[in-house]
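S.K.: Could you work out the structure for the sequence below:
(one chain, ligands or ions: 2)
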Amino acid sequence: MLTRIKDLATKLAPRLIEIRRHIHSHPELSGEEYQTAAFVAGVLSANGVHVQEGIGKTGVVGEVQGTNSDSRLLAIRTDMDALPIQERTNLEYASRKAGIMHACGHDVHTTVGLGTAMILSQIADELPGNVRFLFQPAEETAVGASWMIQDRVMEEVTSVLSLHVFPSIEAGSVGIRYGALTAAADDLEIIIVGESGHGARPHEAIDAIWIAAQVITTLQQAISRTQNPLRPLVLSIGQINGGRAPNIIADQVKLRGTVRSLHPETRTNLPAWITQIVSNICDCYGARYQVNYRPGTPGVQNDLALSQLLQTAAEEAWGSDRVLVLPEPSLGAEDFSLYLEHAPGAMFRLGVGYKDRAVNHPLHHPQFDVDESAIVTGVVTLAYSAYKYWQ
Ligand SMILES: [Zn+2]
Ligand SMILES: [Zn+2]
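M.R.: Ligands and ions are numbered 1, 2, ... in the order given. Predicted coordinates for the structure are as follows:
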């Protein structure tokens, strides 16, 4: 079966590259994937895959029916949205839309999902169960997975697989991770309210900017002194707003940031920990405050058995020197974790780095580029893992 899947993928390769380039040059922002969704639906139906459109707003669901001798339903999830970035690659198939670019490789994910569906529909009589393809919108804004789940795409699903491109792994190789793959990503907003006054008479005012500076500094220092150093925690304040004029003491400052953590216990304690620090500093100087901690996506915890399935399939397909078991998770976020609240799953990293390039630009970079030979690697790895799922 592996040889058959590889042959099918090799035959499909030129078409898949054409598909990827089409999607790459027509990127759409999160929640606006109308043309991409229509294109995906078109390719699926042309290949005999049962399609439902308008799932999860702009998502698409395809189902490949096996022989129904096994009731376990496997889902394969890919994402379709692009980013608000001006592409600077000079590729002939670069984005045709100003300020929008597939800089996170979701064009490759969509193509790999389509390629896998094409192959599995050709070997459907050898699949004991069904495979449901989830083409999700709005991953970058971390809302697409929840839209899909609200539309009940996870009903009856017993396991879910996914992938993300990775420029620091060479094309032709894949990365497998057991356990934690990505971090929980939460939003933080802190509002500090002081009292306005003349810049020359600080003692008659309560300086919200100076207090905000202490809050930021103390939070960073407190991570190093009060959080377990073996449990990673990153708190980044990315936005700060306050003040009216150089000679007026600011009466209000708003800080906004992102908080990344790997361990559930660390995460649970964060709102209280942050509030206590802010409250102590503000109390000291008579300021008032508000801490708004909004939980975002949880971390992705890869299921051990499904990571093993991916690893075995990839090793049989490409040899063990092409399969890296990743020693570390990433503190990036990925809303694939929401599907894992409904069924166990695993995501692998698809190497897309050019072997002979000194620099492979990172994800979300305006010059991000992929070695397209990775598409076949992704398709064979997923299609063969799916085939082996019921074996
Ligand atoms: Zn991204
Ligand atoms: Zn991404």
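
S.K.: and the strand or helix carrying residue 275, what other elements does it pack with?
M.R.: Following DSSP states H and E, the helix or strand that holds residue 275 is helix 264-285. Under the contact definition 3 or more C-beta pairs under 8 Å, 6 or more residues apart in numbering; DSSP states H and E, helix 264-285 sits against strand 184-193, helix 208-226, strand 233-242, strand 252-261, strand 288-297. Using the backbone N, CA and C atoms, a C-beta is placed for each residue, glycine as well.

S.K.: got JSON lines for these, with mean neighbour count, mean pLDDT and distance to residue 147 too?
M.R.: Rendered in JSON lines, the data for the helices and strands packed on helix 264-285 read as follows (neighbours: other C-beta atoms under 10 Å; pLDDT from 0 to 100; distance: least, C-beta to C-beta, whole Å):
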{"stretch": "strand 184-193", "mean neighbour count": "20", "mean pLDDT": "97", "distance to residue 147": "18"}
{"stretch": "helix 208-226", "mean neighbour count": "16", "mean pLDDT": "98", "distance to residue 147": "33"}
{"stretch": "strand 233-242", "mean neighbour count": "14", "mean pLDDT": "96", "distance to residue 147": "25"}
{"stretch": "strand 252-261", "mean neighbour count": "20", "mean pLDDT": "97", "distance to residue 147": "22"}
{"stretch": "strand 288-297", "mean neighbour count": "16", "mean pLDDT": "96", "distance to residue 147": "13"}
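
S.K.: Which of those sits closest to residue 160?
M.R.: Relative to residue 160, the nearest member of those by C-beta to C-beta is strand 288-297, separated by 15.1 Å.

S.K.: Quick one: work out the angle between the helix holding residue 275 and strand 233-242.
M.R.: Counting by axes from the mean of the first three to the mean of the last three C-alpha atoms, to 10 degrees, helix 264-285 points 40 degrees away from the direction of strand 233-242.

S.K.: what's next to helix 264-285, contact-wise?
M.R.: Residues from elsewhere that reach helix 264-285, judged by C-beta atoms under 8 Å, 6 or more residues apart in numbering: 184, 186, 188, 190, 192, 194, 206-207, 211, 214-215, 218-219, 222, 226-228, 231, 233, 235, 259, 261, 287-289, 291, 293, 295, 298.

S.K.: can you check stretch 9-21 too?
M.R.: In this structure, residues lying in contact with stretch 9-21 by C-beta under 8 Å, 6+ apart are 43, 93, 107-108, 110-111, 114-115, 118-119, 372, 375-376, 379-380, 383.

S.K.: Now do the contacts for residue 360.
M.R.: For residue 360, the residues meeting the contact criterion (C-beta under 8 Å, 6+ apart) are 167, 168, 352, 353, 354, 369.
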